[in-house]
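# okay, structure incoming, though there's no sequence with it:
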């Protein structure tokens with residue numbers, strides 16, 4: 001899950017340069033395909049209908065995903081090889097847009113197909129040789145894994161004589177039993193046998209053979225009514241004007257890759273529940289509209305009768321509607337904002353929930369508050385002892401300074417007042433986020449349940465071995481629609497009324513991740529970033545020294561020394577994500593790590 005150039009596991013979404021469609025050869029998982037790209041699969045050519053990443057394990061092959069691919073496409077020239085993680089071409093064509101994208105209607109209902117785009121052929125003229133420089137630990141192996149230590153993505157540890165690498169933030173997951181696909185650890189082999197880390201990335205020189213010319217004006221891709229706003233793609237004219245650059249660093253970052261773990265089809269064919277608020281009238285949320293949207297009459301805690309819920313125009317898109325919740329000054333708990341259980345049509349073994357969230361521009365975090373999540377059985381909340389309930393809730397919380405956590409109740413929880421799990425996210429006021437979660441219920445009485453949380457389409461938390469229920473009758477049966485400040489004491493209360501916006505609630509039996517449209521792109525830059533020196537194991541560093549480190553996958557990570565740092569203190573294994581600096585509650589994430597890993601090192 002580590003993303004190239006990002007200093008944090010699962011923190012920011014992909015940034016990909018918009019390039020002309022290409023002849024990509026055989027389709028493969030893990031690749032990012034642009035609109036119009038042509039691939040072959042089982043002897044048949046297909047053209048990409050939209051830009052997407054074929055996430056490993058999702059099986060989004062062209063034959064199985066007609067929403068992403070269509071039959072046909074010419075591949076007469078030699079396919080362009082997909083760059084590997086440590087071999088990145090440096091020819092960057094100048095993009096001259098020839099069409100202005102037309103803003104998409106928030107809830108379109110048709111699906112026009114874009115016209116395939118001609119393909120420029122890039123011919124590599126050199127084959128680089130990677131000569132790795134060992135960057136291993138001091139002594140025989142890496143530090144031993146410790147159950148109480150939080151590990152960021154890229155951290156290297158040893159367990160029972162083998163080396164493991166964290167794919168994303170993890171704590172308490174035993175490496176030996178949590179390594180492999182869709183699990184937080186990667187088994188790198190026995191101590192002493194770990195592949196060396198390259199210290200530089202050779203670059204092949206690519207020569208463009210032709211200037212492609214679009215043959216038709218592209219049409220914006222529009223998604224059916226089950227999907228959120230689609231973004232039309234203007235096809236630029238590529239005008240390669242630069243002379244190919246000899247192999248040298250810094251290396252331009254073209255398309256960092258992240259591998260979340262979606263499990264099924266790109267776009268669900270139907271919804272267990274969907275609320276977009278587009279059919280509701282602007283103004284106070286009426287009792288009749290509430291009941292029509294949620295299938296239950298509004299009680300006092302919903303906030304409808306008190307006027308705390310309103311249907312408003314999206315602050316960032318006046319053509320879109322959203323639900324606004326008012327959090328009353330000086331109050332905490334459900335009766336200060338909104339809380340209710342939204343029933344689902346049935347009880348399920350596995351479900352997905354996805355919705356959008358935006359805190360008001362001047363939102364005051366105070367000590368924190370609740371956000372909706374899935375629930376089942378008794379939908380437990382409110383500091384309740386294990387053994388007195390059967391069921392679960394998987395809500396989220398914001399805490400001080402907007403730091404986000406997964407907040408869970410279930411029969412196997414460790415704390416009476418719910419268990420917290422870090423999700424490598426700090427909310428900002430005035431920004432839309434997409435929150436997605438998946439619950440897979442355990443077999444009755446067995447601790448084999450699973451939970452995953454995404455923020456803006458990036459997997460930020462994955463758990464297994466959970467006990468969500470004891471009785472077989474308990475399943476996923478509701479959205480726990482809670483949002484309020486608290487805690488129970490008044491020091492959690494805001495001094496003035498606060499507001500947050502919610503939109504596009506969707507519950508489905510298959511993954512809705514293809515509908516995420518709030519990804520936070522990484523600005524274009526070159527690795528290594530100016531001002532950062534490569535970490536040296538024999539060196540000592542003063543406070544605020546800036547270094548970079550290349551992990552075993554060739555990804556760059558950037559760090560700042562917290563104070564004087566002695567030799568051989570490897571930032572890959574002794575660092576704290578910057579958003580967790582001085583975070584000691586509700587769980588202690590800052591344990592005085594020597595290095596601070598920077599999530600936006602270009603700033």
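Everything's here; your move. Values in this document were obtained by computation on a predicted structure and should not be read as measured data. Residues are numbered from 1 along each chain as shown.
# spatially central residue for this structure, please.
residue 458 (1.0 Å; Cα atoms, centre = their mean).
# and the strands in the stretch 401-550 of the chain?
Taking DSSP state E, counting those that start in this stretch as the criterion, the stretch 401-550 of the chain contains strands spanning 403-409, 419-426, 432-440, 449-455, 458-466, 476-483, 498-508, 526-527, 533-534, 546-550.
# residue 46 is nearest to which of these?
strand 498-508 (25.3 Å; Cβ to Cβ). For glycine as for every other residue, the C-beta is placed from the backbone atoms N, C-alpha and C.
# who does that closest one pair with, and is each partner parallel or antiparallel?
strand 273-275 (antiparallel), strand 317-327 (antiparallel), strand 350-359 (antiparallel) (DSSP bridges).
# okay, now the domains of this structure?
17-126+203-255, 273-508 (automatic domain parsing).
# would JSON lines of those with mean pLDDT and distance to residue 602 be doable?
Formatted as JSON lines, the domains of the chain follow (pLDDT from 0 to 100; distance: least, Cβ to Cβ, whole Å):
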{"stretch": "domain 17-126+203-255", "mean pLDDT": "52", "distance to residue 602": "10"}
{"stretch": "domain 273-508", "mean pLDDT": "97", "distance to residue 602": "17"}
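# most tightly packed of the strands paired with strand 498-508?
strand 350-359 (a mean of 23; mean count of other Cβ atoms under 10 Å).
# also compute the angle for that one relative to strand 476-483, please.
Interaxial angle, strand 350-359 versus strand 476-483 (axes from the mean of the first three to the mean of the last three Cα atoms, to 10 degrees): 10 degrees.
# could you measure from the residue lying closest to residue 386 once chain neighbours are set aside over to residue 522?
Computed as Cβ to Cβ, 6 or more residues apart in numbering, the closest residue to residue 386 that is not its neighbour in sequence is residue 411, at 5.8 Å. Residue 411 sits at a distance of 40 Å from residue 522 (criterion: Cβ to Cβ, to the nearest Å).
# these two: who's more crowded?
residue 411 (24 against 20; other Cβ atoms under 10 Å).
# list the contacts of the more buried one.
By Cβ atoms under 8 Å, 6 or more residues apart in numbering, the contact list for residue 411 reads 386-387, 389-392, 467-470.
# can you tell me which of the residues you listed are buried?
Buried by 16 or more other Cβ atoms under 10 Å: 389-392, 467-470, out of the contacts of residue 411.
# tell me the one among those nearest to residue 31.
residue 468 (35.0 Å).
# might one say that that closest one is in contact with residue 443?
No - counting by Cβ atoms under 8 Å, residue 468 does not reach residue 443; the two are 10.2 Å apart.
# now the domains of the chain as a markdown table including distance to residue 152?
Formatted as a markdown table, the domains of the chain follow (distance: least, Cβ to Cβ, whole Å):
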| stretch | distance to residue 152 |
| --- | --- |
| domain 17-126+203-255 | 19 |
| domain 273-508 | 8 |
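# most neighbours per residue, which of those domains?
Taking mean count of other Cβ under 10 Å, domain 273-508 is the most buried of the domains of the chain, at a mean of 19.
# mind checking the end-to-end distance for that one?
Its first and final residues considered, domain 273-508 spans 7 Å by Cα to Cα, to the nearest Å.
# and for stretch 404-423?
End to end - Cα to Cα - stretch 404-423 spans 6 Å.
# re the thing from before, list just the nearest of the contacts of residue 411 to residue 364.
Using Cβ to Cβ, those come closest to residue 364 at residue 392, 30.4 Å.
# pull the number of nearby residues for residue 179.
There are 19 residues near residue 179, going by other Cβ under 10 Å.
# for it, which residues are in contact?
Neighbours of residue 179 in contact, by Cβ under 8 Å, 6+ apart: 164, 185-187.
# would you list the phi and psi of it?
The phi/psi pair for residue 179 (degrees, to the nearest 10) reads phi -120, psi 140.
# ok, what's across the strand from it?
Beta-bridge partners of residue 179, counted by DSSP bridges, are residue 185.
# if I look at it, how far off is residue 69?
Using Cβ to Cβ, residue 179 is found at 32 Å from residue 69.
# ok, back up a step: adding distance to residue 145, write the strands of the stretch 401-550 of the chain out as TSV.
Listed next are these as TSV, based on distance: least, Cβ to Cβ, whole Å:
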stretch	distance to residue 145
strand 403-409	22
strand 419-426	18
strand 432-440	26
strand 449-455	21
strand 458-466	17
strand 476-483	32
strand 498-508	36
strand 526-527	29
strand 533-534	26
strand 546-550	20
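# hmm, back to that, dump the buried ones among the contacts of residue 411 into JSON lines; add distance to residue 151 as well.
Compiled in JSON lines, the buried ones among the contacts of residue 411 are given as follows (distance: Cβ to Cβ, whole Å):
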{"residue": "389", "distance to residue 151": "32"}
{"residue": "390", "distance to residue 151": "33"}
{"residue": "391", "distance to residue 151": "31"}
{"residue": "392", "distance to residue 151": "26"}
{"residue": "467", "distance to residue 151": "24"}
{"residue": "468", "distance to residue 151": "25"}
{"residue": "469", "distance to residue 151": "30"}
{"residue": "470", "distance to residue 151": "31"}
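# now, which of those residues sits nearest residue 296?
residue 391 (17.7 Å).
# so the closest one makes contact with residue 380?
Yes - counting by Cβ under 8 Å, residue 380 is a contact partner of residue 391 at 5.9 Å.
# looking at the strands of the stretch 401-550 of the chain, which is closest to residue 338?
From the strands of the stretch 401-550 of the chain, taking Cβ to Cβ, the stretch that ends up closest is strand 476-483, at 5.3 Å.
# that closest one vs strand 403-409, what angle?
Using the same axes, to 10 degrees: strand 476-483 against strand 403-409 is 140 degrees.
# partner strands of strand 476-483, with direction?
Per DSSP bridges, strand 476-483 is paired in its sheet with strand 338-348 (antiparallel), strand 373-377 (antiparallel).
# now those as CSV including distance to residue 150?
Below are the strands paired with strand 476-483 laid out as CSV (distance: least, Cβ to Cβ, whole Å):
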stretch, distance to residue 150
strand 338-348, 31
strand 373-377, 22
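# nearest to residue 550, out of these?
For residue 550, the closest of the strands paired with strand 476-483 is strand 373-377, at 37.1 Å, according to Cβ to Cβ.
# tilt between the closest one and strand 432-440?
30 degrees.
# contacts for the very next helix or strand once past strand 373-377?
Downstream of strand 373-377, the next assigned helix or strand under DSSP states H and E is strand 391-399. Residues outside strand 391-399 that contact it (Cβ under 8 Å, 6+ apart): 359, 365, 367-381, 404-411, 420, 423, 427, 435, 437, 439, 451, 453, 468-469, 474, 480, 482, 585-586.
# figure out how far strand 391-399 is from the centre of its chain.
18 Å (Cα atoms, centre = their mean, to the nearest Å).
# can you give me the angle it makes with strand 419-426?
Going by the same axes, to 10 degrees, strand 391-399 makes 40 degrees with strand 419-426.
# show me what strand 391-399 pairs with in its sheet, parallel or antiparallel.
strand 368-371 (antiparallel), strand 373-377 (antiparallel), strand 403-409 (antiparallel).
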